[in-house]
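Novice: Provided below for reference: sequence and predicted model.
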Number of protein chains: 2
Amino acid sequence: MALDRLIEAIVRTQNPTVAGLDPKLDYVPEYIKEKAFNKYGETLKGAAKAILEYNKGLIDALCEIVPAIKPQAAYYEMYGTAGMKTLYKTQEYAKSKGMIVITDGKRNDIGTTMEAYAAAHLGKVKIGSEEIAPFPGDALTVNGYLGSDGINPLIKVCKENDKGIFVLVKTSNPSSGELQDLLIDGKPVYEHMGAMCEKWGEELPGKYGYSGVGAVVGATYPEQIEALRKLLPHTFFLIPGYGAQGGGAKDIAAAFDENGLGGIVNSSRGIMCAYKKEGCDEHFYAEAAFREAMRMKEDIMGYVKEIRLP
Amino acid sequence: MALDRLIEAIVRTQNPTVAGLDPKLDYVPEYIKEKAFNKYGETLKGAAKAILEYNKGLIDALCEIVPAIKPQAAYYEMYGTAGMKTLYKTQEYAKSKGMIVITDGKRNDIGTTMEAYAAAHLGKVKIGSEEIAPFPGDALTVNGYLGSDGINPLIKVCKENDKGIFVLVKTSNPSSGELQDLLIDGKPVYEHMGAMCEKWGEELPGKYGYSGVGAVVGATYPEQIEALRKLLPHTFFLIPGYGAQGGGAKDIAAAFDENGLGGIVNSSRGIMCAYKKEGCDEHFYAEAAFREAMRMKEDIMGYVKEIRLP
């Protein structure tokens, strides 16, 4: 199951972090853009090709020390069909380098439509006598607002294809509380959603105590992380909001169990734009990303200490 | 604003319905698939090309009598990059025939990521000195579970580009109540979400009393439709669940105001697979779709009577 493989990769690298690949064109070094625009013009294809080269450089730099990437689908969709091709090629390249791929799509729908999303990102489609995987990610972020009708089709596809999902529970943004914090029978909406993750996860048990149904829980809400870790003992956390959004390593510490497992912390801009923050030559953007990834690992491991299989 | 244009198209056609283009490969007539597979093989491209031809036939048949199409992104994503190209070409073709395009993507995220989705589906992206629209839809369905941080970037893009959104409020599926019906201060979650739509809509007022922030409300919940119409006087409803999912014209009647405005009813499978239900020669799938669209229009207009601008 995909989250077992993720856990093994975290233990191997001793690094519970994931590099978010949310490639705004502004992040891409000028020399890469120039090359792509000269070849393909200032077009969607030109932008998509530039992003792909940028991503490959990041993956090359990070693949030995970071267990996973999390490409955010929006930043690929915004370059249309060409952008979706870059999403595919980024996922494929990261997998060829041994990394786990979490596609951040926050997809949600019901019944046969959710089956279609599941096939797109976690499964295969049947075309005549052929079966083809449209996108090769290992896990997908999803929104559970539509209830079990939206999640059950995913569970089935995850079982058949060795994949996993992360359900939005308590997101990292300032306004997440407008709906998620409202109280139902004395409990906030996000706790209800978390309880549903535990229930859905029973269908997709893992080797190390965590199911294939994870939860997205923001680094910006440390009290909620602590409460949810206790309430959801079988639910692995994907934790955005570290760094640029304001969450620190200390805020996240409660996500981890006695084995140092239980969560993976995302950083996107911090890693992708490390060369800008450092002020180094843009040709060394990948080296700067490596340095920032090491800094982040040490920052978080200062609280987690050691990660081991149970 | 896009929902004003939608309302005008509804009045012109005297038809408050939208054809959902959710093209499962099973729906596509064999002769179209054969032709595409012979040319492109049993590949993602072969499937995507077959679906595009099928869609074009449906659009040709429907464009005079149905005001809008609603392509469901999942059924295009499931054929990978080639599928996304078919989504683009379907949207472009429908617009060239004067139809309004509602992209059913249920996208959701926060801040700059939501800006990226907004640019992808409702706006433009800047590449060097060029500005390009990645996908040409008029409106997008979105999930508001993340709160205002997820909706505000959309509002901005809608203002700048004459577009609209539909927010999931009460979805048509059987398990929608698991979260959406839970009571907060004596009011169900979907009423809170509906109230947020009214508030968000103030930023995007329309000429005919309805804002550019619509709501998705399922035909399968007639009592909720009636309650929500009263509570949300400026919110236009996109109503799935008619036909195959069990909702009838009578169930939907309360969605409409005294001018016959206030809602648009979706049918996907009913229209797309009308030729199968009729048992007619598959070469006449488009004519069968036309007949079913006319039947549906008459069914609903039996309750709505006349539609006029206020």
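Specialist: On my side now, so go ahead.
Novice: Give me the three-state assignment for A:Tyr190.
Specialist: helix (DSSP: H, G, I helix; E, B strand; the rest coil).
Novice: Give me the buried positions along stretch A:188-202.
Specialist: A:Pro188, A:Val189, A:Tyr190, A:Glu191, A:His192, A:Met193, A:Gly194, A:Met196, A:Cys197, A:Glu198, A:Trp200, A:Gly201 (16 or more other Cβ atoms under 10 Å in any protein chain shown). In short, each C-beta sits where N, CA and C put it, glycine included.
Novice: Out of those residues, the closest to A:Thr13 would be?
Specialist: Proximity of these to A:Thr13 (Cβ to Cβ) peaks at A:Gly201, which lies at 24.4 Å.
Novice: quick revisit: okay, who's weakest in the buried residues of stretch A:188-202 by pLDDT?
Specialist: pLDDT across the buried residues of stretch A:188-202 is lowest for A:Val189, at 90.
Novice: For the residue at minimal distance from the centre of chain A, give me its contacts.
Specialist: Nearest to the mean C-alpha position of chain A, by Cα atoms, centre = their mean, lies A:Lys70 at 3.6 Å. Shown in contact with A:Lys70 (Cβ atoms under 8 Å, 6 or more residues apart in numbering or on different chains): A:Val18, A:Ala19, A:Gly20, A:Leu21, A:Val101, A:Ile102, A:Thr103, A:Asp104, A:Leu238, A:Asn266, A:Ser268.
Novice: and the end-to-end length of stretch A:243-259?
Specialist: 24 Å (Cα to Cα, to the nearest Å).
Novice: in it, what's buried?
Specialist: A:243, A:245, A:247-249, A:251-257, A:259.
Novice: related to what we said a few turns ago, next SSE after the helix or strand containing the residue nearest to the centre of chain A?
Specialist: Taking DSSP states H and E as the definition, A:Lys70 sits inside strand A:68-71. In the C-terminal direction, the helix or strand that comes right after strand A:68-71 (DSSP H and E) is helix A:74-77.
Novice: can you give me the angle the very next helix or strand once past that next one makes with helix B:80-96?
Specialist: The first helix or strand that comes after helix A:74-77 along the chain, using DSSP H and E, is helix A:80-96. Interaxial angle, helix A:80-96 versus helix B:80-96 (axes from the mean of the first three to the mean of the last three Cα atoms, to 10 degrees): 170 degrees.
Novice: does any bit of helix A:80-96 sit next to chain B?
Specialist: Yes - using Cβ under 8 Å from any Cβ of the partner chain, helix A:80-96 comes into contact with chain B via A:Gly80, A:Thr81, A:Gly83, A:Met84, A:Lys85, A:Tyr88.
Novice: the strands in the stretch 201-310 of chain A, which residues?
Specialist: With strands called from DSSP state E, counting those that start in this stretch, the stretch 201-310 of chain A shows them at A:213-217, A:237-239, A:263-267.
Novice: so which of the ones you listed comes closest to B:Ile10?
Specialist: Closest among these, using Cβ to Cβ: strand A:213-217, at 38.2 Å.
Novice: which of the residues in that closest one are buried?
Specialist: A:Val213, A:Gly214, A:Ala215, A:Val216, A:Val217.
Novice: one step back: from the buried residues of stretch A:243-259, which shows the smallest pLDDT?
Specialist: For those, the pLDDT minimum is A:Gln245, 74.
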